[in-house]
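J.: have a look at this prediction, sequence included:
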Amino acid sequence: MEKTTPILIVDDQVNTCKSLQAILKRSGYPSDYVLSGEEALKKVQEKHYDIVISDIRMPGMDGMQLLERVKQVQPSLVVIMITGYATIKSAVEAIQKGAYDYLPKPFTPDEVRVIIERAAEHSRLEGENILLRQHLQAHHPFGNIIGNSPPLQRVFELIQKVADTETNILLTGETGTGKELVARAIHDRSRRREKLFLPLNCGALAEGVLESELFGHVKGAFTGAVSTRKGLIEAADGGTLFLDEISETAPSFQVKLLRVIQEAEFMRVGDTHPLRVDIRIIAATNRDLEKAVERREFRQDLYYRLKGIAIHLPPLRERAEDIPALAYHFLAKYRGDRKAERLDPQALKALQAYKWPGNVRELEHVIEYALSMAEGETIKITDLPEEFVNRAADRAAARESWANAPFSKAKEEFEKIYITQILKESNWNISEASRKAQMFRQNLQQKIRKYGIVVEEEKEGTKE
């Protein structure tokens, strides 16, 4: 079956060209060949190729010069260098300058097929990256809320439905999932969009400061109150007030906020005259407020007043398909005058494999870090923080180990790693792990004993 990955072979030895072309043909890859760097450059300018396989040593324009020239014509082109033992050092230098890999002489058909399969996958992912960058340049209907995954589509649907209502909204989700962005999107689509959207992080302020910030105060209300001052409630009249970390507020504050919602009025700190106000409140929390109510840590009546409509924001680990689009969004945001304009496919894979305990906010910091580390036009896996590089190195070491082991041994190594990971993700609960792995519980226990997997002692109480 013919593949859709056109390849150009460049070598001054016609026998090498024909040999490579025959191997590629048997694997289903269409290819052309030329006998010089000058011809190759002309070909690349006239016709689209995904991969170029070029000898390093050629008369006239050599492989290193060709690499530089074709990358100027088509930066995403995947280039593989053919090298003899004496030019291995040059091949490594070529990789540092943008070549994808090198093919040592003499080569076997299997060696060619393996490297071409990897290069073709790299080329496909790079093409997807380009489409993502183009997509992000277009107008996004929800501004900085980036993604197309089913969990996020559900959030978009709810934003559209609730925006034009007057109902208060409670946003739930882990830290860093973008609750303020969602609150702004709701405000921007509401009847209140011409008025102010004012955010306040309730968890960042002491109780007295929080009340003064929100309700304002009159002159002489407390030491330092040298003049009367409006609070955010008064300033947001007609608009939207976003209260983040609402679960961190004190009971006395909760009583006053409940009055604002029920009576549409408030009093400045130190005042005795109530003021009328028309605001919509969007509250947010990363805690389970129902459990906080059960523990009497949060007022039940306020909880139900805030939870007119509840919207849960999914963690990033549950929408990994959105990571490439988010990564390119942050790349554009922080790039400035830096050279880096794309992510290497392996770096993108590493980002998608990570669990993201800090969610979108953590991804933003990682891309900002990688931009400061990157030296060329492409962010590589080595430009990511240490934990990503270490994880990739561990996987590479495992692949290398399995590649040189008998099939039975490689299968056992994989099973041990797989079962250990399933147990970790199940909090060392064997019943839960067996459901995730779709194995009988007894079979899983046998595997655990067979491979000597040690269940964490602190989880002993829940492992059965």
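T.: Looks like it arrived, so ask away. Numbers count the residues shown, from 1 in each chain.
J.: check the gap between the nearest residue to Phe330 once chain neighbours are set aside and Glu38 for me.
T.: Among residues not flanking Phe330 along the chain, Ile367 sits closest, at 4.0 Å (Cβ to Cβ, 6 or more residues apart in numbering). Heads up, the C-betas are built off the backbone N, CA and C, glycines and all. Ile367 is 40 Å from Glu38, where distance means Cβ to Cβ, to the nearest Å.
J.: how far away is the residue nearest the centre of the chain from Gly147?
T.: The residue at the geometric middle of the chain, judged as the C-alpha nearest the mean C-alpha position with Cα atoms, centre = their mean, is Ile323 (3.1 Å). Distance of Ile323 to Gly147, given as Cβ to Cβ: 9 Å.
J.: swap in Lys339?
T.: In this structure, Lys339 and Gly147 are 27 Å apart, going by Cβ to Cβ.
J.: okay, these two: which has more neighbours?
T.: Gly147 (24 against 11; other Cβ atoms under 10 Å).
J.: state whether that one is indeed within a helix.
T.: No. Secondary structure assignment (DSSP: H, G, I helix; E, B strand; the rest coil) places Gly147 in coil, not in a helix.
J.: wait, it touches Ala327, no?
T.: No. With contact defined as Cβ atoms under 8 Å, Gly147 and Ala327 do not form a contacting pair (11.3 Å).
J.: next structured bit after the lowest-mean-pLDDT helix or strand in the chain?
T.: Confidence across the helices and strands of the chain bottoms out at helix 386-403, with a mean of 60, counting by mean pLDDT, DSSP states H and E. The helix or strand immediately downstream of helix 386-403 is helix 407-425, counting by DSSP states H and E.
J.: may I see the buried residues of that following helix?
T.: Applying a neighbour-count criterion of 16 or more other Cβ atoms under 10 Å, one finds 410, 416, 419-420, 422-423 buried in helix 407-425.
J.: go on, stretch 424-439?
T.: Neighbour-count burial for stretch 424-439 flags 426, 428-430, 432-434, 437, 439 (criterion: 16+ other Cβ under 10 Å).
J.: first-to-last residue distance for stretch 216-225?
T.: Across stretch 216-225, the straight-line distance between its terminal residues is 10 Å, by Cα to Cα, to the nearest Å.
J.: show me how far it is from its chain's centre.
T.: Its chain's C-alpha centre and that of stretch 216-225 lie 46 Å apart, by Cα atoms, centre = their mean, to the nearest Å.
J.: for His329, phi and psi?
T.: phi -60, psi -50 (degrees, to the nearest 10).
J.: and for the chain, the residue most distant from the center?
T.: Among the residues of the chain, the one whose C-alpha is farthest from the average of all C-alpha positions is Thr272, by Cα atoms, centre = their mean at 50.8 Å.
J.: surely Thr16 touches Asp55?
T.: Yes. Here Thr16 reaches Asp55: they are 7.2 Å apart, a contact under Cβ under 8 Å.
J.: intersection of neighbour lists for these two?
T.: When contacts are counted by Cβ atoms under 8 Å, 6 or more residues apart in numbering, the set common to Thr16 and Asp55 consists of Ile82.
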